[in-house]
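Undergrad: here's my sequence, what's the structure:
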Amino acid sequence: MVLNNIEQLLEKYDLGETSLAEEQQLRQYFLNNRVPEHLESYRLMFGYFEQAKTEQYNKDVPLKPKKNNVYRWISVAAVAVLMFGIYISQPEAPKTELSQLSPEEQELYYKTVEALQLVSTQLNKGTQQLAVLNTMSESYTEGVSKIGLIEEFSNTKNKIFKTTN
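TA: Next up, the predicted model:
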């Protein structure tokens, strides 16, 4: 009768439906050395649980020492000084007025401006031509989708009238 009761409690235990009192009964039963062979694995399991209760971690846990942030601030300061030195050593380009240039330099300036304007107008023309191509591409895509609709209509018509191509 006791073995039958223990087996029923084990079924409930496996399903996670036992109360604390029932689990205590199982623990007491399996701590005895008189356990049938087919329940030996449960005796080992409950024995492990009892042994695990008594275990303690007795090694020292090393604590990390507080880090000194002085080296970080020194590196930040060194980078700041380096960047400031590079900024100071850069020579400034002198700003000159167009009227201060010689006639040859003024002529070269105007020719350069004219050449850049020519390049700019040619680039704008190319951009306009690309816009036309983009419009054509959109029209082509729209046409392809409409052809797909015509093909779908044709397939449906063939199914209705049961004709083959």
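Undergrad: for the longest helix along the chain, the distance to its chain's centre please.
TA: Using DSSP state H to define each element, the chain has its longest helix at helix 103-161. Taking Cα atoms, centre = their mean, to the nearest Å, the mean C-alpha location of helix 103-161 is offset from the chain mean by 37 Å.
Undergrad: which residues touch the spatially most central residue of the chain?
TA: Centrality entry for the chain: nearest residue to the mean C-alpha point is residue 72, 30.1 Å, by Cα atoms, centre = their mean. For residue 72, the contact set (Cβ atoms under 8 Å, 6 or more residues apart in numbering) is empty. In short, each C-beta sits where N, CA and C put it, glycine included.
Undergrad: and the pLDDT for it?
TA: For residue 72, the model assigns a pLDDT of 81.
Undergrad: any idea how far the residue located most distally from the centre of the chain is from residue 112?
TA: The centre of the chain is farthest from one residue, residue 103, which by Cα atoms, centre = their mean lies 61.6 Å away. According to Cβ to Cβ, to the nearest Å, residue 103 stands 15 Å off from residue 112.
Undergrad: what's the answer for residue 130, then?
TA: 27 Å.
Undergrad: quick one, phi psi at residue 72?
TA: When read as degrees, to the nearest 10, the backbone of residue 72 gives phi -60, psi -50.
Undergrad: which residues touch residue 85?
TA: Counting by Cβ under 8 Å, 6+ apart, residue 85 has no contacts.
Undergrad: which SSE is it in?
TA: Using DSSP states H and E, residue 85 sits within helix 70-89.
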